[in-house]
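Q: Could you look at this predicted model? Sequence included:
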Amino acid sequence: MVPLRLRISEVTESATKLPFVLLESMLPRQVLRIQVDNPLLTELVLDRLRRETPVFGMLGVVNLETGQKVHWKYGVEVEIVEKLFMEKGGIRLELKAGRRFSIVGDIETAEQGWTEGRVQFYDSGEQEAEELNGKDFMAVERAILKSRELTKPNSDNMSIIDRWIKLARENEKVTGQIDNLLKEIGQIPSEDEPTERAFWVGALINPIPSMGVAMEIRPKLLTAKTTEQRVQVALDAIHKSIRHMDGTERMW
């Protein structure tokens, strides 16, 4: 039994250990296209591509007032979905963000030179179920009611999401930018999935690269502790973005 326990422990640790890239705060469903030229990052990518599912952890970087740069504790697992080796060196990658996680313990330096650490993955449904079984079990119900506001038609038969998309198409920097973005992030989740709906809104209004029509909310969404907080962040941000785009209240 002891060897079996050890094997289970090894598998569990392997499943929850990720190498990290400190580059960009991303949300589930978002796509990032980059070219990798750095030798260490290239080695990391090649190591990942040798695996059945080529994934690593993506973390955003925070610039402190002191000038110091530190990484966020919260990030997403990204999968390499497309790769192109360049003739003159470097690799072009398309990365798709999936599961959310938080770092458990310290970040270490792997034998190969990159940083890695153990993570805890989050499942939106499980988080919401825990809240429903907690003291403030009505908080999830409030979050669902708020999430419904995003797709509820107004007097013009246009929802908040529809209004944002219409204005964003008028403000897009490249023709078809919004249509391509909607293809990448897919259909909006059900109103009964308030956390996933909040992250979907964040991926919509804060695409990569940014359209410059909304405040940065990706780190705020990733670090929000409750379902209601996540929905409120998304709801406030999309309203503010709409007011900015229609000229009612410019953000800058």
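A: Noted; the coordinates are in hand. Values in this document were obtained by computation on a predicted structure and should not be read as measured data. Numbering: from 1, shown residues only.
Q: what number of residues lie near the spatially closest residue to residue 192 that is not a sequence neighbour?
A: Leaving out its chain neighbours, the residue that sits closest to residue 192 by CB to CB, 6 or more residues apart in numbering is residue 144, at 6.3 Å. For every residue, glycine as well, the C-beta is placed using N, CA and C. Counted with other CB atoms under 10 Å, the neighbours of residue 144 add up to 19.
Q: my guess is residue 144 meets residue 191, correct?
A: Yes - applying CB atoms under 8 Å, one finds residue 144 in contact with residue 191, separated by 6.1 Å.
Q: hang on, the earlier thing: for the residue nearest to residue 192, report the pLDDT, please.
A: Per-residue pLDDT puts residue 144 at 96.
Q: mind saving the C-alpha coords of the host helix or strand of it as PDB?
A: Assigned by DSSP states H and E, residue 144 falls within helix 138-148. C-alpha atoms of helix 138-148 as PDB (Å, rounded to 0.1, in the frame of the first residue of the first chain):
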ATOM      1  CA  MET A 138     -28.600  34.000  -0.800                       C
ATOM      2  CA  ALA A 139     -25.500  35.700  -2.300                       C
ATOM      3  CA  VAL A 140     -25.500  33.300  -5.200                       C
ATOM      4  CA  GLU A 141     -29.100  34.000  -5.900                       C
ATOM      5  CA  ARG A 142     -28.400  37.700  -5.900                       C
ATOM      6  CA  ALA A 143     -25.500  37.100  -8.300                       C
ATOM      7  CA  ILE A 144     -27.900  35.200 -10.600                       C
ATOM      8  CA  LEU A 145     -30.400  38.100 -10.600                       C
ATOM      9  CA  LYS A 146     -27.600  40.500 -11.400                       C
ATOM     10  CA  SER A 147     -26.200  38.300 -14.200                       C
ATOM     11  CA  ARG A 148     -29.700  38.300 -15.800                       C
END
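Q: I'd like the next helix or strand past it.
A: helix 160-171.
Q: mind listing the strands for this protein?
A: Along the chain, counting by DSSP state E, strands occupy 17-22, 31-36, 55-63, 69-85, 91-109, 115-122.
Q: Among those, which comes closest to residue 237?
A: Closest approach to residue 237 among these is made by strand 55-63 (16.6 Å; CB to CB).
Q: Counting by contacts, list what the closest one packs against.
A: strand 17-22, helix 39-49, strand 69-85, strand 91-109, helix 218-223 (3 or more CB pairs under 8 Å, 6 or more residues apart in numbering; DSSP states H and E).
Q: where does the residue nearest the centre of the chain land on pLDDT?
A: The residue lying closest to the centre of the chain (CA atoms, centre = their mean) is residue 27, at 0.9 Å. Reading off the confidence values, residue 27 has pLDDT 97.
Q: thinking it is in contact with residue 75, fair?
A: No - proximity of residue 27 to residue 75 does not meet the contact threshold set by CB under 8 Å, at 10.2 Å.
Q: residues shared between the contacts of these two?
A: Counting by CB atoms under 8 Å, 6 or more residues apart in numbering, the common neighbours of residue 27 and residue 75 are residue 222.
Q: which residues pair with the nearest residue to residue 76 once chain neighbours are set aside across the strands?
A: Excluding the flanking residues, the one nearest residue 76 by CB to CB, 6+ apart is residue 97, at 4.4 Å. For residue 97, the beta-bridge partners are residue 78 (DSSP bridges).
Q: low-confidence ranges in the protein?
A: By pLDDT under 70, the low-scoring segments of the chain are 1-15, 63-70.
Q: OK, contacts around the residue nearest to the centre of the chain?
A: Contacts for residue 27 (CB under 8 Å, 6+ apart) come out as 76, 97, 199, 202-203, 206, 218, 221-222.
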